[in-house]
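Chemist: predicted model follows, preceded by the sequence.
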Amino acid sequence: TEGSAPRPVIGPDSVEVLGYSYPRDDFTNVTPKILEKVGRNLHNQSHHPLWLIKERIKAHFYSSYMGRWGNPLFSVHDNLSPVVTVEQNFDRSEDPINSVSIIHSSPVAECLPLVVSRATMLRAHTSAHQSDLVRSGLDAFLLAGDVYRRDEIDASHYPVFHQMEGVRLFSNHELFSQVKDGHQLSLFESGGRRTPQKQETHTLEAVKLVEFNLKQTLTRLITNLFGDLEVRWVDCYFPFTHPSFEMEVRFHGDWLEVLGCGVMEQELLNSAGAGNKLGWAFGLGLERLAMVLYSIPDIRLFWSQDERFLKQFRVQDIHQPICFQPLSKYPPLHNDISFWLPDDGFTENDFYELVRSVGGDLVEKVSLVDDFTHPKTGRRSHCYRIVYRHMERTLTQQEVAVVHGQIQQDAESELGVQGRY
Ligand code: FA5
Ligand code: MG
């Protein structure tokens, strides 16, 4: 019947996610705005652009890589819960409480996580499942899912986005059988050293073949999706792989990072029961690819329920080209906010997350425009410019003022800053 208010997802003592209740504690930092997105599963909604791109990638892998019996080599998983343990997300088997403090403070984490409760978090990447799927016996798989981070705010970053992970393992025979006299080669060596090219236990020839296969697989995928597109590889660091690379593509005259990848850390394979194999892994951002493929200008559009957006993707055939016709752009409104930072414990991403949680999709971009340290007192202040723009109508100065005022108020009470308004 009407009138029964929905149960709050974040109560005073508990946080409810996908029908499970977790105790709320000091580590909890998920917000109602974030939890609203859990379970939306845009990547599984028929004809959503993220679903379309996932289907295109699946179709490419199914038709290009066959197993021995003509079966698809890569199995596809797109329904794993985004609620994971801190250990799964960081592949670190430390005392969970200890690792929670690590992820809140340490530079090891490349991103700031959204924590449900103590050792439970929303996955920050699909790599959180690598180890479990390898342990279950899979040698080649793709995995799509929603991931959650406290990150920057602009047209290509959003705190909830979608990734597709790919993993492929090779036995000695699989890697070397195509090489002349390959039976004399081995995957592993003892007494080796870790260098920029390889891990200590790997032979250089094995790593080079795995790396070649990885880059070729990804280049073929990108060519299949985009035809000719300018691509470059950048060396980088990931905790689960070494060596590691990022692929960037040319988009609107700039280089846009679309994926990270590398040769899997042998430790991870050893502890997942695949110690006799070498593997590669990649993780790509589905929004980023869809933005390039369908010319979608802003990442917030993926969450739109506006028919004018959704209907453009209802094609008969997933391979049909689509060029998104932007909804007309409504004028933006700018508002600045300056405050003194607390002595410690402030990070820019805390502020970005607060802005997202109060302002939701009205916020198009937040940028730090001034970082000032008082010459006498040593106190530091930040000034941020917030750009407000609604995707579907013109905002009024009054409604922006309400949101902006709430952001000022919450920044003071939640982040301990002192307003300079
Ligand atoms: C990772 O998440 C690694 N787990 C990828 C990986 C997998 C490396 C397997 C090695 C082996 P990264 O944080 O760079 O890496 O994210 C991967 C991709 O997700 C990026 O290249 C980008 O396309 C996309 N991405 C990252 N942050 C955001 C964001 N805030 N909004 C939208 N897309 C994003
Ligand atoms: Mg990256």
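Modeler: Cool, got the structure. Ligands and ions are numbered 1, 2, ... in the order given.

Chemist: show me what contacts Glu205?
Modeler: Leu185 (C-beta atoms under 8 Å, 6 or more residues apart in numbering). Glycine gets a C-beta too; all of them are placed from N, C-alpha and C.

Chemist: any idea what the residue in the stretch 201-350 of the chain that ligand 1 sits nearest to is bridged to?
Modeler: Closest approach between the stretch 201-350 of the chain and ligand 1, counting by C-beta to the nearest ligand atom: Gly285, at 2.4 Å. On the basis of DSSP bridges, Gly285 is bridged to Gln163.

Chemist: okay, now it: neighbour count?
Modeler: 22 (other C-beta atoms under 10 Å).

Chemist: ok, now Val76?
Modeler: Using other C-beta under 10 Å, Val76 has 17 neighbouring residues.

Chemist: ok, now Arg300?
Modeler: 18.

Chemist: how about the longest helix along the chain, does it reach ligand 1?
Modeler: In the chain, with assignment by DSSP state H, the single longest helix is helix 204-226. No - applying C-beta under 6 Å from any ligand atom, one finds helix 204-226 separated from ligand 1 by no less than 9.5 Å.

Chemist: separation between Pro113 and Glu16?
Modeler: 19 Å (C-beta to C-beta, to the nearest Å).

Chemist: now Arg193: closest residue in space that isn't a chain neighbour?
Modeler: Computed as C-beta to C-beta, 6 or more residues apart in numbering, the closest residue to Arg193 that is not its neighbour in sequence is Glu200, at 5.8 Å.

Chemist: correction: Lys329
Modeler: Closest to Lys329 by C-beta to C-beta, 6+ apart is Arg389, at 7.7 Å.

Chemist: that neighbour and Ser367, how far apart?
Modeler: 14 Å.

Chemist: between those two, which one's more packed in?
Modeler: Between Arg389 and Ser367, Arg389 has the larger neighbour count (other C-beta under 10 Å), namely 20 against 12.

Chemist: verify the contact between that one and Ser328 for me.
Modeler: No - in this structure Arg389 lies outside contact range of Ser328 using C-beta atoms under 8 Å: 11.9 Å.

Chemist: tell me the first helix or strand C-terminal of the longest helix of the chain.
Modeler: strand 231-238 (DSSP states H and E).

Chemist: what angle separates that following strand from helix 204-226?
Modeler: With axes from the mean of the first three to the mean of the last three C-alpha atoms, to 10 degrees applied, the angle from strand 231-238 to helix 204-226 works out at 130 degrees.

Chemist: now strand 231-238: how far from the chain's centre is it?
Modeler: Strand 231-238 sits 16 Å away from the centroid of its parent chain (C-alpha atoms, centre = their mean, to the nearest Å).

Chemist: likewise stretch 229-246?
Modeler: 15 Å.

Chemist: buried set for that stretch?
Modeler: Within stretch 229-246, the residues scored as buried using 16 or more other C-beta atoms under 10 Å are 231, 238, 240-246.

Chemist: now do stretch 77-89
Modeler: In stretch 77-89, counting by 16+ other C-beta under 10 Å, buried: 78, 80, 82-84, 86-89.

Chemist: once you drop chain neighbours, what's closest to Arg135?
Modeler: Arg135's closest residue in space is Ala272 (C-beta to C-beta, 6+ apart), at 4.3 Å.

Chemist: for the nearest residue to Asn44 once chain neighbours are set aside, give me its contacts.
Modeler: Nearest residue to Asn44, sequence neighbours excluded (C-beta to C-beta, 6+ apart): Asp78, at 6.0 Å. Each residue near Asp78 by C-beta under 8 Å, 6+ apart is listed here: 43-44, 54, 143-145.

Chemist: now for those residues: which two are most distant?
Modeler: Asn44 and Leu143 (12.8 Å; C-beta to C-beta).

Chemist: so those two - more neighbours on which side?
Modeler: Set Asn44 next to Leu143 and count neighbours by other C-beta under 10 Å: Leu143 wins out with 24 against 15.

Chemist: these two touch, right, the more buried one and Ser127?
Modeler: No - using C-beta under 8 Å, Leu143 is not in contact with Ser127; the gap is 9.1 Å.

Chemist: what touches both of those two?
Modeler: Shared contacts of Leu143 and Ser127, counting by C-beta under 8 Å, 6+ apart, come down to Glu165.

Chemist: give me the low-pLDDT residue ranges for the stretch 101-250 of the chain?
Modeler: 101-111 (pLDDT under 70).

Chemist: can you pull out the helices in it?
Modeler: Secondary structure of the stretch 101-250 of the chain (DSSP state H, counting those that start in this stretch): helices at 130-135, 172-176, 204-226.

Chemist: follow-up on the earlier one: out of the contacts of Asp78, which sit inside strands?
Modeler: Counting by DSSP state E, the contacts of Asp78 place 143-145 in strands.

Chemist: ok but Lys365 is inside a helix, no?
Modeler: No - per DSSP: H, G, I helix; E, B strand; the rest coil, Lys365 lies outside any helix segment and is strand.

Chemist: for the closest residue in space to it that isn't next to it in sequence, pull up the helix or strand it's in.
Modeler: Residue nearest to Lys365 in three dimensions, not counting chain neighbours: Val387, with 4.4 Å by C-beta to C-beta, 6+ apart. Take DSSP H and E as the rule and Val387 turns out to sit in strand 380-388.

Chemist: direction included, what does that strand pair up with?
Modeler: Assessed with DSSP bridges, strand 380-388 is paired to strand 333-340 (antiparallel), strand 363-373 (antiparallel).

Chemist: quick check: buried residues in that strand?
Modeler: 381-382, 384, 386-388.

Chemist: tell me the mean pLDDT for the next helix or strand after it?
Modeler: Next along the chain after strand 380-388, taking DSSP H and E as the criterion, comes helix 397-415. Mean pLDDT, computed over helix 397-415, is 96.

Chemist: in contact with the closest residue to Arg314 other than its chain neighbours, which residues?
Modeler: Using C-beta to C-beta, 6+ apart and skipping residues adjacent in sequence, the residue nearest Arg314 is His47, 4.9 Å away. Neighbouring residues of His47 by C-beta under 8 Å, 6+ apart: 310, 313-315.
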